[in-house]
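Q: Sequence and predicted structure, then a few things I'm wondering about:
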Amino acid sequence: MRFLKRITLIAVCVSLFYILLSMGLSFTELSLRTWVKTLGRVIVWLVTPGMILFLALYYLYGNERVHEVVRVVCTAAAVIVGGIYVFYIFFFILILSGMEEERMLTSHLLVTDESFLKTNPVYYRPVAFFFKRPGEITTADQLEYLEKKYKRAFEISRSGNAFYDVTLPEVQVAVVPDGMSLADNYVESITLHSLLEVYRTVDMERDYHIVEPDEWKYLCLEASGYDDIPALSEDLLCLAAGAMSGGFSSSAFDAAGFFQEYRGKVYFSFGKDAESYTGSISFGGKDGEWPIDVEDVVRIAYDRQENGRQGEAQEPYQSTGEDDSAGEGDETASDQETQMDHESEVESDYREEAAKAVYDAALAEEGFSYEVYYNAKGNLYIDLGNKTSEEDGKVYSYLLVYDRPSKNGACELLVLYRSVEGSDNEAIVDMYAVETATGKVVASGRKAWSDVGTKEYREMTGE
């Protein structure tokens with residue numbers, strides 16, 4: 001009994017202290033950390049009332065002068081009211097706590113998701129472990145972020161707006177906010193620098209330009225047309241192999257070691273547009289990944305680009321009148337039909353390959369069927385059959401639909417839908433990206449078009 005009294009007294013004191021502290025901090029720039037607020041709400045609204053109620057019932061049953069009927073009635077009322085109170089308060093705290101997320105970006109910088117109160121996100125400085133005050137991202141925070149992420153030494157550039165690896169001072173690195181985290185172009189900058197070093201060292205004659213599919217800069221080789229694909233593929237391989245070997249580096253920077261840990265990317269285009277690109281080739285990484293057949297990847301990208309243009313480039317065959325011979329007209333029409341069938345087959349191939357990759361990687365083990373269909377507009381979708389949900393017992397129909405190429409041209413995007421059998425109300429289950437160069441499948445976690453997806457998905461698609 002003494003222990004129960006002491007615990008209740010401690011809970012009451014903590015609750016009063018939390019309430020008074022919260023009221024006092026509202027007049028200052030300090031505020032409680034998110035986890036402290038959550039713990040305080042639990043003690044104030046759940047633990048303390050529960051302890052007081054339990055103590056009251058204990059005294060009620062321990063008092064012999066109280067009639068048995070009164071005890072039963074009071075107990076029943078306490079259980080009903082307490083149950084309703086706990087149900088609503090528990091979910092209130094659960095929802096309120098879930099609306100705020102706090103992370104340590106660096107040892108001296110917090111980022112908090114307060115989208116229900118303020119413009120998101122909000123930055124703070126931790127104070128005395130339990131408190132925080134409003135703050136901003138500084139160059140010192142960005143520097144600490146880079147050094148912690150890459151385990152390398154960086155310095156601030158003379159401009160004060162960028163950074164550089166001390167072993168490769170000619171390459172500048174930018175750090176920017178990215179939602180609840182920070183993003184940087186260190187890998188992209190090193191890749192561009194290394195590829196340009198190889199390009200100059202081997203005296204490559206092919207023209208190039210710089211593209212920015214995701215606001216970072218990449219090298220993009222230019223090709224003249226379909227007949228140039230074999231030569232373009234050799235040049236792409238030359239650049240990638242040179243960068244991965246590190247043998248062309250003119251500084252103390254270990255390029256070979258770098259590309260054993262991180263993946264680089266080089267783009268290519270069929271045209272001279274300074275902002276355009278057709279596709280990309282990835283290389284390096286922890287597994288030394290890169291395409292088995294670069295030329296095949298380039299051909300698929302070329303065919304996809306040409307199929308996208310065929311509505312503008314192709315003109316329907318028209319007879320010039322009686323002067324045209326029947327044989328010539330039939331031959332021309334037959335040639336056009338054969339060309340369109342070939343283009344349709346090529347277009348179908350890469351979309352179906354992407355859909356099959358998603359099915360094999362993420363859906364086959366769940367027992368889905370696989371039937372390929374095209375609608376009247378030529379759009380691809382895969383009928384995955386029906387499944388009964390373990391959650392609500394309803395029967396759902398599932399479709400895997402090809403969406404489009406990714407923003408950076410490196411991936412094919414597909415969407416998994418489900419709908420109650422016999423209904424047209426479709427809901428998104430997930431969205432997938434299939435990397436053209438490697439066939440790698442990444443689930444985005446997106447269940448709505450407004451969702452941003454996982455970090456890996458964003459990095460791979462440039463979206």
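A: Thanks, I have the structure now.
Q: Any idea how many residues pack against the nearest residue to Glu100 once chain neighbours are set aside?
A: What sits nearest to Glu100 in space, not counting adjacent residues and going by CB to CB, 6 or more residues apart in numbering, is Thr34, at 5.0 Å. In short, each C-beta sits where N, CA and C put it, glycine included. Residues within reach of Thr34, counting by other CB atoms under 10 Å, total 19.
Q: and if you look at Lys407?
A: Burial of Lys407 is recorded as 14 neighbouring residues (other CB under 10 Å).
Q: next one: Tyr457
A: Counted with other CB under 10 Å, residues neighbouring Tyr457 total 21.
Q: is it true that it touches Gly445?
A: Yes - with contacts counted by CB atoms under 8 Å, Tyr457 reaches Gly445, the gap being 7.3 Å.
Q: Are we agreed that Ile382 is in a strand?
A: Yes - under DSSP: H, G, I helix; E, B strand; the rest coil, Ile382 falls within a strand.
Q: Quick check: beta-bridge partners of the nearest residue in space to it that is not next to it in sequence?
A: In space, and not counting its chain neighbours, Ile382 is closest to Leu400: 4.0 Å by CB to CB, 6+ apart. Leu400 has these beta-bridge partners by DSSP bridges: Ile382, Leu416.
Q: ok, so what distance separates Leu400 from Val358?
A: 6 Å (CB to CB, to the nearest Å).
Q: where in this protein is pLDDT low?
A: 64-67, 69, 93-99, 115-119, 249-251, 274, 287-292, 307-349, 422-424 (pLDDT under 70).
Q: re earlier: spit out the contact partners of the residue nearest to Glu100.
A: Glu100, Glu101, Glu102, Thr112 (CB atoms under 8 Å, 6 or more residues apart in numbering).
Q: In ChimeraX, how would I select just the buried ones from the residues you listed?
A: Isolation of the buried members of those (16 or more other CB atoms under 10 Å) is achieved in ChimeraX through the command below:
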select :100,102,112
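Q: what's the closest non-adjacent residue to Glu114?
A: With CB to CB, 6+ apart as the criterion, Glu114 has its nearest non-adjacent residue at 5.0 Å, and that residue is Val122.
Q: ok, what's across the strand from that neighbour?
A: On the basis of DSSP bridges, Val122 is bridged to Thr112.
Q: I'd like the distance between it and Glu144.
A: Distance of Val122 to Glu144, computed by CB to CB: 19 Å.
Q: Doesn't Leu16 lie inside a helix?
A: Yes - under three-state DSSP, Leu16 falls within a helix.
Q: quick one: the strands in the stretch 301-450 of the chain?
A: With DSSP state E, counting those that start in this stretch as the criterion, the stretch 301-450 of the chain has strands at 371-374, 380-388, 395-405, 411-420, 426-435, 441-443.
Q: Identify whichever of these lies nearest to Val452.
A: Set against Val452 and scored by CB to CB, these come closest in strand 426-435, at 11.0 Å.
Q: List the buried residues for that closest one?
A: Under the neighbour-count criterion of 16+ other CB under 10 Å, strand 426-435 has Val429, Asp430, Met431, Tyr432, Ala433, Val434, Glu435 buried.
Q: likewise stretch 100-120?
A: Within stretch 100-120, the residues scored as buried using 16+ other CB under 10 Å are Glu100, Glu102, Leu105, Thr106, Leu109, Leu110, Val111, Thr112, Asp113, Glu114.
Q: Tell me who's in contact with Lys367.
A: In this structure residue 367 is Gly, not Lys. Gly367 makes contacts with Lys387, as judged by CB under 8 Å, 6+ apart.
Q: now do 10 Å
A: Gly367 makes contact with Leu384, Gly385, Lys387, according to CB atoms under 10 Å, 6 or more residues apart in numbering.
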